[in-house]
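Trainee: Sharing a model prediction with you, sequence too.
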Amino acid sequence: MTKDKTKRPRAAASSPGQPPRLQVGALCWRRTAKGLRILLITSRDTGRWVIPKGWPMRNRTEAEAAAREAYEEAGLRGTVSSRSIGVYTYPKRLGPERWIPCVVRVYPLEAQEMLRVFPETGQRRTRWLAPEKAAQRVAEHELATIIREFDPEAQAEPA
């Protein structure tokens, strides 16, 4: 008699009632001769298309932390808005069958410089896309809506 060697799924790291953890993300954008472009990057684990995002940082505002993530993950520097343009939710994978619910507060960042060397150089792919194409590539419906509805003119902050 042989033993069944199939692995049983582990319990998820999250319970259904667990409140989501906050992350901050940067919706990086620029204008080109072809119009508005949005930067997407790939996640390191699954390779899906996302925006730069991460955990809030001590001694930084949420907007500053989002800008830092854009630098670390995509080598992008620019001007970040202090006003969020929306939130989206997703399950953050911690490992096989382990996840936590996250809500990402999104801050627009106008790209001014893209560095060749940055903390996560070579770990992700980057792509500048028209908003509709970018919205089609992301898995999160709420993020797709934020991208589709993004208007840089509406983000101008008073001087």
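Mentor: Good, I have the coordinates. Residues are numbered from 1 along each chain as shown.
Trainee: Tell me where the longest strand sits in this protein.
Mentor: strand 98-114 (DSSP state E).
Trainee: Who are the packing partners of that strand?
Mentor: strand 21-32, helix 62-74, strand 76-80, strand 86-95, helix 141-149 (3 or more CB pairs under 8 Å, 6 or more residues apart in numbering; DSSP states H and E). Any C-beta I mention is one placed from the backbone N, CA and C, and that applies to glycine too.
Trainee: what about K34, how many neighbours?
Mentor: If you count neighbours by other CB atoms under 10 Å, K34 ends up with 8.
Trainee: got the contact list for it?
Mentor: The contact partners of K34, taken as CB atoms under 8 Å, 6 or more residues apart in numbering, are A130.
Trainee: element containing R127, please.
Mentor: Per DSSP states H and E: R127 is located in strand 126-129.
Trainee: Direction included, what does that strand pair up with?
Mentor: Under the criterion DSSP bridges, strand 126-129 sits next to strand 35-42 (antiparallel) in its sheet.
Trainee: which is the next helix or strand following the strand it pairs with?
Mentor: Once strand 35-42 ends, the next helix or strand along the chain (criterion: DSSP H and E) is strand 49-50.
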